[in-house]
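Chemist: Next comes the sequence, and after it the predicted model I'd like to discuss.
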Amino acid sequence: MSHKIQTLGEFIIENQTAFKYSSGELSRLINSIRLAAKVVNHEVNKAGLVDIIGAVGDTNIQGEDQQKLDVYANEKFIQTLTKRNIVCGIASEEEDDFIAINSQDENHQNKYVVLIDPLDGSSNIDVNVSVGTIFSVYRRITPVGTPVTLKDFLQKGSQQVAAGYIIYGTSTMLVYTTGAGVNGFTLNPAIGSFYLSHPNMKFPLDGNIYSINEGNYSHFPQGVKSYIKYCQEEAEDRPYTSRYIGSLVSDFHRNMIKGGIYIYPQSSKNPNGKLRLLYECNPMAFLAEQANGKASDGFTRILDIQPTELHQRVPFICGSKNMVEKAEAFMKA
Ligand SMILES: O=P(O)(O)OC[C@H]1O[C@](O)(COP(=O)(O)O)[C@@H](O)[C@@H]1O
Ligand SMILES: [Mg+2]
Ligand SMILES: [Mg+2]
C-alpha cells in the first residue's frame with residue numbers, strides 16, 4: 001500500500017503545536033489563505049477564456065497599471081481573510097493604505113496582520129507564464145483591544161511569524177514557513193486538496209542559475225555588472241545559465257529547487273530597486289533563510305532592515321548562500 005501523502009489541512013493541524021504562539025489562530029489564518037488560493041487559482045487557470053486578462057484602466061500606488069487579475073486576487077484574499085474574522089489588519093500592493101479589520105464584536109481581539117502581493121508577476125498574466133501570490137504574517141505589536149496602526153505593519157522581517165507564496169504554474173503549489181522549515185504542497189485539481197509534495201525544501205548551497213533582467217544592464221551599479229560578467233565569463237564552475245521568468249515567485253521557486261540566485265538591484269532608473277520590502281522581499285527572505293538560502297540588499301540582511309513606509313522598495317539579492325555571498329563580495333568591491 002502506497003504511503004499516505006499528508007494534505008495541507010492535516011499538516012497544519014499536526015504542526016500547530018510546533019508554533020510557539022499556538023492558539024489555533026495562525027492555523028485558521030493559513031487555512032483561509034489556502035481557501036483564497038483555490039478561488040484565485042480557479043480564475044487564473046481559465047485566464048483567456050473569461051474576461052480576466054488585461055488592465056482595468058487604473059494605476060495603483062506603485063504607479064503600475066492594475067491588471068484585472070491583480071484586482072480580482074486582491075479582492076478574494078481580503079474578503080476571505082476579513083469574513084473569517086481572523087486578522088486585525090491587511091496591507092496589500094494594490095491598496096494605498098492598510099485596512100483595519102474590526103472583529104465582529106468590535107473589541108479587536110485578533111492578533112495577526114497580513115501583508116500580501118495578491119498577484120506577483122503581473123506582466124506575465126496575459127502571456128500564460130506562471131504568476132504567484134505572496135503573503136507575510138506578523139503578530140500585532142499594539143495592544144489587543146485597540147485599533148491596529150501602521151506600526152503593526154512596519155516591523156522588521158525577522159519578526160514575521162509566517163510567510164509563503166502560491167505559484168500558479170504547470171501545477172499550483174502553496175509553499176510556506178512558520179519558522180520551522182519550508183514545506184511545499186501541490187494542489188490536486190481533481191480533488192481540490194493540497195498535498196505535501198515538497199517536504200523540508202532547501203536551497204542547494206551552490207548553483208549555476210542567475211536570474212536578473214539584463215535589459216537594464218547599462219543602468220546597474222558596477223558591482224552588479226561585474227557579477228554578471230563573472231557568471232558569464234569568469235566563474236570557475238561555469239557554465240552558468242541565465243534564466244529570468246519575470247515573476248519573482250517563479251524565479252525564486254526554480255532557484256530554490258535547482259540552486260540559483262535572483263537579483264533585482266538598484267539602478268540609475270530605480271535608485272531603490274523595484275521590489276517592495278514588506279510584501280515581496282521580507283516574505284521571500286524569511287523563506288530563503290528557512291531553506292538554508294540567503295537574502296540581502298547587497299549589504300544588509302533583508303530581515304534586519306527597519307521598514308519606514310508601507311510600499312518602500314529595496315534592492316534584492318536572494319538565493320543559494322554561496323552565490324549570494326559571491327554577489328555581495330562584488331557589490332562591496
Ligand atoms: O519586468 P521587470 O522590471 O524585470 O520586473 C519583474 C519583476 O517585477 C515583478 O513583476 C513585480 O511584482 P508585481 O507583478 O507583483 O508588481 C516581479 O514579480 C518580477 O520579478
Ligand atoms: Mg510582486
Ligand atoms: Mg503584484
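Modeler: Arrived safely, thanks for sending. Ligands and ions are numbered 1, 2, ... in the order given.
Chemist: Return the residues in contact with residue 38.
Modeler: Residues near residue 38 by CB atoms under 8 Å, 6 or more residues apart in numbering: 187, 192. C-betas here are computed from N, CA, C, even on glycine.
Chemist: Quick one: the helices in the stretch 151-300 of the chain, in order.
Modeler: 222-229, 248-258, 282-290 (DSSP state H, counting those that start in this stretch).
Chemist: what would those helices look like in CSV with mean pLDDT and distance to residue 140?
Modeler: As requested, these are exported to CSV (pLDDT from 0 to 100; distance: least, CB to CB, whole Å):
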stretch, mean pLDDT, distance to residue 140
helix 222-229, 96, 37
helix 248-258, 98, 26
helix 282-290, 98, 16
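Chemist: low pLDDT regions in the stretch 201-333 of the chain?
Modeler: For the stretch 201-333 of the chain, applying pLDDT under 70 flags the ranges 237-238.
Chemist: got the residues of it near ligand 1?
Modeler: 213, 246-248, 274 (CB under 6 Å from any ligand atom).
Chemist: which parts of the lengthiest helix in the chain are buried?
Modeler: Counting residues, the longest helix found in the chain (DSSP state H) is helix 25-44. Within helix 25-44, the residues that qualify as buried are 25-41, 43-44, counting by 16 or more other CB atoms under 10 Å.
Chemist: now swap in stretch 64-76 and tell me
Modeler: Applying a neighbour-count criterion of 16+ other CB under 10 Å, one finds 64, 66-76 buried in stretch 64-76.
Chemist: near ligand 2, from the residues you listed?
Modeler: Subset of the buried residues of stretch 64-76 in contact with ligand 2: empty, counting by CB under 5 Å from the ion.
Chemist: rewinding a little: among the residues of the stretch 201-333 of the chain next to ligand 1, the buried ones, what's the ChimeraX command?
Modeler: Restricted to buried positions by 16+ other CB under 10 Å, the ChimeraX selection for these reads:
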select :246,247,248,274
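Chemist: just curious, which of the residues of the stretch 201-333 of the chain next to ligand 1 is nearest to residue 82?
Modeler: Closest to residue 82 out of those is residue 248 (25.8 Å), distances taken as CB to CB.
Chemist: so that closest one touches residue 284, yeah?
Modeler: Yes: the pair residue 248 / residue 284 is scored as a contact, 6.8 Å apart, by CB atoms under 8 Å.
Chemist: so what's in contact with the two at the same time?
Modeler: residue 134.
Chemist: so who does the residue lying closest to residue 333 once chain neighbours are set aside touch?
Modeler: In space, and not counting its chain neighbours, residue 333 is closest to residue 223: 6.1 Å by CB to CB, 6 or more residues apart in numbering. Residues near residue 223 by CB under 8 Å, 6+ apart: 298, 330-333.
Chemist: and the residue in the chain that ligand 2 sits nearest to, what does it touch?
Modeler: In the chain, no residue comes nearer to ligand 2 than residue 120, which is 3.5 Å away by CB to the ion. Contacts for residue 120 (CB under 8 Å, 6+ apart) come out as 131-134, 165, 247-249, 280.
Chemist: re the thing from before, okay, among the residues of the stretch 201-333 of the chain next to ligand 1, which ones form the most distant pair?
Modeler: That would be 247 and 274, which, of those, are the farthest apart (CB to CB) at 12.9 Å.
Chemist: With just CA atoms, put stretch 83-98 into CSV.
Modeler: Written as CSV, here are the backbone C-alpha positions of stretch 83-98 (Å, rounded to 0.1, in the frame of the first residue of the first chain):
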residue,chain,number,x,y,z
LYS,A,83,-15.0,37.2,6.5
ARG,A,84,-13.2,34.6,8.7
ASN,A,85,-12.6,37.2,11.4
ILE,A,86,-9.0,36.1,11.6
VAL,A,87,-6.9,39.2,11.2
CYS,A,88,-6.9,42.7,12.7
GLY,A,89,-5.3,44.3,9.6
ILE,A,90,-4.3,43.8,6.0
ALA,A,91,-1.9,45.6,3.7
SER,A,92,-1.6,45.0,0.0
GLU,A,93,0.4,46.0,-3.0
GLU,A,94,-2.9,47.0,-4.6
GLU,A,95,-4.2,49.2,-1.6
ASP,A,96,-2.9,52.7,-0.9
ASP,A,97,-3.2,52.3,2.8
PHE,A,98,-3.5,49.4,5.3
